[in-house]
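Asks: just the structure for this:
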Amino acid sequence: LRRIHFVVPVRVASFAAFRARSIDVSFADRRLSTELLAEVQRRFERHLGADGAQFEVPMRVDLLERT
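Replies: The predicted model follows:
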């Protein structure tokens, strides 16, 4: 029926929390090299402030109807 796009603000307290939530999740098979993990951490820390890192996560909802 409709597709809805919106943005969800997310605050992450630390790189360790980000890694646990986004990289080391049990359903994903992500094997980052030491170099790539260091690069991800470097880029994450550019957004880190006193209250953590703030991100906007784009979301999409498809509203369907059973016929």
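
Asks: all strands in this protein, in order from the N-terminus.
Replies: 2-12, 48-49, 52-63 (DSSP state E).

Asks: save those as TSV, and put in mean neighbour count and mean pLDDT too.
Replies: No exception for glycine: its C-beta is placed from N, CA and C like everyone else's. Formatted as TSV, those follow (neighbours: other CB atoms under 10 Å; pLDDT from 0 to 100):
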stretch	mean neighbour count	mean pLDDT
strand 2-12	10	97
strand 48-49	12	94
strand 52-63	11	96
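
Asks: closest one to residue 18 among those?
Replies: For residue 18, the closest of the strands of the chain is strand 2-12, at 4.6 Å, according to CB to CB.

Asks: so the spatially closest residue to residue 58 that is not a sequence neighbour versus residue 60, what's the distance?
Replies: Among residues not flanking residue 58 along the chain, residue 7 sits closest, at 5.6 Å (CB to CB, 6 or more residues apart in numbering). Per CB to CB, to the nearest Å, residue 7 is found 11 Å from residue 60.

Asks: could you do residue 20 as well?
Replies: Distance from residue 20 to residue 60, by CB to CB: 25 Å.

Asks: with residue 44 instead?
Replies: For residue 44, the distance to residue 60 equals 24 Å [CB to CB].

Asks: still on that earlier bit, take the strands of the chain and lay them out in CSV including distance to residue 40.
Replies: Converted to CSV, these look like this (distance: least, CB to CB, whole Å):
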stretch, distance to residue 40
strand 2-12, 13
strand 48-49, 13
strand 52-63, 12
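
Asks: residue 27 is nearest to which of those?
Replies: Using CB to CB as the measure, strand 52-63 is the one of the strands of the chain that comes nearest residue 27, at 17.5 Å.

Asks: output the closest one as CSV, nothing but the C-alphas.
Replies: Presented in CSV, the C-alpha positions along strand 52-63 are these (Å, rounded to 0.1, in the frame of the first residue of the first chain):
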residue,chain,number,x,y,z
GLY,A,52,28.9,9.4,22.9
ALA,A,53,28.5,9.3,19.1
GLN,A,54,25.3,10.4,17.5
PHE,A,55,24.1,8.8,14.2
GLU,A,56,21.0,8.9,12.0
VAL,A,57,19.9,5.5,10.8
PRO,A,58,17.7,5.5,7.7
MET,A,59,14.7,3.2,7.9
ARG,A,60,12.1,2.0,5.5
VAL,A,61,8.7,0.4,6.2
ASP,A,62,6.7,-1.3,3.5
LEU,A,63,3.0,-1.3,4.4
